[in-house]
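In: Sequence plus the predicted model coming up.
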Amino acid sequence: VQLVESGGGSVQTGGSLRLACAASENVSKYYMAWFRQAPGNLREGVAYIDINGYTTYAHSVKDRFTISKDNAKNTLYLQMDSLKPEDTAMYYCAADQLAFGLSNGYCYWGQGTQVTVS
């Protein structure tokens, strides 16, 4: 599966952005997640959704970010509210037919979309 992220940009502290990840095939059979990587930092998982719609969040984004998936549109979303400067990073979506949760084991990755909060 090919993944293409969009929706990144620059926003002020407290603002919102919605990221989208368009997949080349039906996403209903994939476990999917959003990751981010800031300069000098390791890539970290921030939100995960399984094939049944169960979600998991990193503690740093819980209650601010919402992951969702539209199987009809083959698209994964990340709604980001109450953004903070520490959310600044390149954001990537990932997919696999195995459940990796917030771990980095995914087989398929997008190219990333930059989010900058100032």
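Out: Nice, thanks for sending it over.
In: Next up, the contacts around the closest residue to Leu76 other than its chain neighbours.
Out: Computed as C-beta to C-beta, 6 or more residues apart in numbering, the closest residue to Leu76 that is not its neighbour in sequence is Cys21, at 4.1 Å. Glycine gets a C-beta too; all of them are placed from N, C-alpha and C. Applying C-beta atoms under 8 Å, 6 or more residues apart in numbering, we find Cys21 in contact with 3-6, 32, 34, 75-78, 93, 110.
In: Tell me what the residue lying closest to Arg43 once chain neighbours are set aside is bridged to.
Out: Closest residue in space to Arg43, ignoring its immediate chain neighbours: Gln37 at 4.1 Å, by C-beta to C-beta, 6+ apart. Note on Gln37: beta-bridge partners by DSSP bridges are Met90.
In: Got the confidence number for Gln37?
Out: The model reports Gln37 with a pLDDT of 98.
In: what's the answer for the one 5 residues further on, then?
Out: At Leu42, the model reports a pLDDT of 95.
In: Under a three-state scheme, what state does it occupy?
Out: coil (DSSP: H, G, I helix; E, B strand; the rest coil).
In: Neighbours of it, how many?
Out: 8 (other C-beta atoms under 10 Å).
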